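In: 3D, please:
(chains A, B, C and D, ligands or ions: 4)
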Number of protein chains: 2
Amino acid sequence: MKTIEELLESKGIRVTAMRLLIYKFLTEKQVAVRLSDIENSFDKADRTTLYRTIKTFEEKDIVHQIDDGTGITKYALCEKGCNCEIETDLHLHFHCNNCNETVCLTEHKIPQIKVPDGFVSENVNLVVKGICDKCSGQ
Amino acid sequence: MKTIEELLESKGIRVTAMRLLIYKFLTEKQVAVRLSDIENSFDKADRTTLYRTIKTFEEKDIVHQIDDGTGITKYALCEKGCNCEIETDLHLHFHCNNCNETVCLTEHKIPQIKVPDGFVSENVNLVVKGICDKCSGQ
DNA sequence: ACAATAAATGCACTTCCTTTGCATTGATTA
DNA sequence: TAATCAATGCAAAGGAAGTGCATTTATTGT
Ligand SMILES: [Mn+2]
Ligand SMILES: [Mn+2]
Ligand SMILES: [Zn+2]
Ligand SMILES: [Zn+2]
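Out: Ligands and ions are numbered 1, 2, ... in the order given. I've put the predicted structure just below:
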């Protein structure tokens, strides 16, 4: 079991107190978070630092960005071996219209999508909206 | 063949000069447009009027909104018989990473997406990104 | 045709999120 | 220890979405 410090270093990211805190926050949350979610969870956290930290994490494939249609970009930790760049690896995301939370359905890959001749598919974003398991009451 | 005036009236929308212009602009464009695209295509057009016009069109199912992941909402005319509210009718959208344009692939419906037990799917947004037919050069 | 009424438009302003510039602090290396 | 580079914090800019209100334009009833 790798420590967080080791993980960050293995990705070429310097370990800082802030980065450890943000990473820890992401592991504890089971849902995709907005920048403001992180901001509100810390007393003295600067938006800019959060922003740049999450961008660093994104570049190094530690988190991936999620556009769930709310207009606010969210982020979630990549699973072990999550190759977000590879189309065939892409999982789908679920946005709950009730509790407004967005989760990664890591086990559910996006099916192969046929596009017309002449079009080249490089990437697919699929968001399902509805009622999540917590809110559907079973 | 219905005139634009007749179409608008049949949907319960009053005909105005601005609305005709905007509708015409949408028919001529073969791609999804941003509010600012419309704004820039007219000399003396107020953002608010465009905004409210497009919202009116949206309510009356004349256009549908497209979230292609660029962070800017786009709009495109609904095809004849496009029931945007019905999940099974939803077509997919293609965003070109080269020319940055987004098109409706009206003929290509979104396949049935399986979600885990407890989750209820009400709506699906699917955007394919890649290279469009114009840009792929064939 | 005219007055009364309602809808559409234009202007100004607000809010929210994202992004950048720059000075400062902190860590790393020679 | 000095020089160098990365991370942080503050401030401000930018872009898009949305709202309030006064004005113009269209519709309706007399
Ligand atoms: Mn995910
Ligand atoms: Mn469409
Ligand atoms: Zn929920
Ligand atoms: Zn293209």
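
In: the residue lying closest to A:I131 once chain neighbours are set aside: neighbour count?
Out: Nearest residue to A:I131 in three dimensions, chain neighbours excluded: B:V120, at 4.2 Å (CB to CB, 6 or more residues apart in numbering or on different chains). (Each C-beta comes from the backbone N, C-alpha and C, glycine too.) Counted with other CB atoms under 10 Å in any protein chain shown, the neighbours of B:V120 add up to 17.

In: tell me the bridge partners for A:V124.
Out: Applying DSSP bridges to A:V124 yields these beta-bridge partners: B:V128.

In: now do the contacts for it.
Out: A:V124 makes contacts with A:87, A:90, A:110, A:113, B:126-129, as judged by CB atoms under 8 Å, 6 or more residues apart in numbering or on different chains.

In: now do A:R52: how many residues are near it, please.
Out: The local packing of A:R52 (other CB under 10 Å) involves 12 other residues.

In: what's the spacing between the residue nearest to A:I131 and A:N97?
Out: Look at B:V120 and A:N97: by CB to CB, to the nearest Å, they are 9 Å apart.

In: which residue of chain A lies farthest from its centroid?
Out: Most distant from the centre of chain A: A:D117, at 32.0 Å, with distances by CA atoms, centre = their mean.

In: check the secondary structure at that one for me.
Out: Here A:D117 is recorded as coil under DSSP: H, G, I helix; E, B strand; the rest coil.

In: that one touches B:H108, doesn't it?
Out: No: with the criterion set as CB atoms under 8 Å, A:D117 and B:H108 do not qualify as a contacting pair; they are 11.9 Å apart.

In: hmm, A:Y51 and A:F57 touching each other?
Out: No: counting by CB under 8 Å, A:F57 does not reach A:Y51; the two are 10.9 Å apart.

In: circling back to that earlier point, name the nearest residue to the residue farthest from the centre of chain A, ignoring sequence neighbours.
Out: If the residues on either side of it in the chain are set aside, A:D117 comes closest to B:D133, at 7.3 Å by CB to CB, 6+ apart.

In: quick check, that neighbour in a helix?
Out: No: the assignment for B:D133 is coil, going by three-state DSSP, so no helix is present there.

In: A:S136 and A:L77, how far apart?
Out: Distance, A:S136 to A:L77, using CB to CB: 25 Å.

In: the more surrounded of those two?
Out: Ranked by neighbour count (other CB under 10 Å), A:S136 and A:L77 place A:L77 first, with 18 against 14.

In: do you know the pLDDT at the more buried one?
Out: Among the per-residue scores, A:L77 shows a pLDDT of 94.

In: nearest residue to the middle of chain A?
Out: For chain A, the residue sitting closest to the mean C-alpha position, by CA atoms, centre = their mean, is A:A76 at 2.1 Å.

In: for that one, helix, strand, or coil?
Out: Secondary structure state of A:A76, per three-state DSSP, is strand.

In: what do you get for A:T27?
Out: Secondary structure assignment for A:T27 (three-state DSSP): helix.

In: OK, contacts around the spatially closest residue to it that is not a sequence neighbour?
Out: Taking CB to CB, 6+ apart, and ignoring the residues beside it in sequence, A:T27 has A:L77 as its nearest neighbour in space, at 6.4 Å. Shown here is A:L77, whose contacts under the criterion CB under 8 Å, 6+ apart are A:26-27, A:62-63.

In: nearest spatial neighbour of A:D61, skipping sequence neighbours?
Out: Of all residues apart from its sequence neighbours, A:C78 sits closest to A:D61 (CB to CB, 6+ apart), at 5.9 Å.

In: related to what we said a few turns ago, quick one: which of the contacts of A:L77 is most hemmed in?
Out: A:V63 (25 neighbours).

In: do you know how far A:M18 is from A:T53?
Out: 6 Å.

In: re earlier: hang on, isn't the residue nearest to A:D61 packed against A:V63?
Out: Yes: with contacts defined as CB under 8 Å, A:C78 counts as touching A:V63 at a distance of 6.3 Å.

In: which one of the residues in chain A is closest to ligand 4?
Out: Using CB to the ion, the point where chain A gets nearest to ligand 4 is A:F119, with a distance of 9.1 Å.

In: let me know the pLDDT of A:T88.
Out: For A:T88, the pLDDT comes out at 53.
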